[in-house]
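Q: Next input, structure requested:
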Amino acid sequence: MKIENYIRDIQGFPKEGILFKDITPLLNDPIARQECLSVLVNSLKDQKIDKVVGAESRGFFFGILLAQELNAGFIPVRKPKKLPYETIAASYELEYGTDSLEMHTDAIKKGDRILIHDDVLATGGTAKAVCELVERLGGEIVQCNFLMELSFLNGREKINEYPIFSAITY
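A: Numbering: from 1, shown residues only. Have a look, this model is predicted:
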């Protein structure tokens, strides 16, 4: 089964000139979804994971499934003012400015083995910000794990000090 057959291209979303990779057909098919989860889990080679960090918002879909499969905790990383408890924040660059992400301050204990998951590795800004949050709280990053990578955007360069896995590369 080819996972990429369940990813739909949408021209001009969210704005003209962008080719959006829509994962909703993958989420909608239980067999394809399970195959994708297996590919993501198998990339870890039986490593111990204490917690899975999922980046808002599409990183939540497989992030929570990975946490369940790995018998690990799940930590949501969200846009500012979306989490109810005390947070830390990290900023990252966008093509048109900056944005930031937040994580609860009690989400990670020093030495926790962390899997970071997001749906796509594009420019690497989001992934780098998440890595910064994890390390500020004392977590050890085992792998940065993605459903897909847009290699032509060179996002891997921003996080190349960590092990990186992408199920699909474009």
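Q: thought residue 25 was touching residue 7?
A: Yes: with the criterion set as C-beta atoms under 8 Å, residue 25 and residue 7 qualify as a contacting pair; they are 6.9 Å apart. For the C-beta atoms, the positions are set from N, CA and C on the backbone; glycine is no exception.
Q: In terms of neighbours, single out the busier of those two.
A: Under the neighbour definition other C-beta atoms under 10 Å, residue 25 and residue 7 were set side by side, and residue 7 has more, 20 against 13.
Q: what about the residue nearest to that one when sequence neighbours are not counted, which SS state?
A: Among residues not flanking residue 7 along the chain, residue 21 sits closest, at 5.4 Å (C-beta to C-beta, 6 or more residues apart in numbering). The three-state label for residue 21, taken from DSSP: H, G, I helix; E, B strand; the rest coil, comes out as strand.
Q: How many residues are close by residue 21?
A: If you count neighbours by other C-beta under 10 Å, residue 21 ends up with 21.
Q: any idea how far it is from residue 52?
A: Taking C-beta to C-beta, to the nearest Å as the criterion, residue 21 is separated from residue 52 by 21 Å.
Q: Equivalent analysis for residue 62, please.
A: For residue 62, the distance to residue 52 - C-beta to C-beta - is 9 Å.
Q: Return every residue with contacts to both of the two.
A: Among the neighbours of residue 62, those also in contact with residue 52 (C-beta atoms under 8 Å, 6 or more residues apart in numbering) are residue 117.
Q: Residue 131 against residue 116, yeah?
A: Yes: with contacts defined as C-beta under 8 Å, residue 131 counts as touching residue 116 at a distance of 6.6 Å.
Q: Which residue of those two possesses the greater neighbour count?
A: Regarding residue 131 and residue 116, a neighbour count based on other C-beta under 10 Å identifies residue 116 as having more, with 29 against 22.
Q: phi, psi of the more buried one?
A: Phi and psi for residue 116, reported as degrees, to the nearest 10, are phi -100, psi 130.
Q: Could I get the contacting residues of it?
A: With contacts defined as C-beta under 8 Å, 6+ apart, the neighbours of residue 116 are 52-53, 55, 127, 130-131, 134, 141, 143-145, 162.
Q: Can you read off the pLDDT for it?
A: At residue 116, the predicted lDDT confidence score is 98.
Q: Against residue 129, how distant is it?
A: When C-beta to C-beta is applied, the distance between residue 116 and residue 129 equals 10 Å.
Q: Cool, thanks, signing off.
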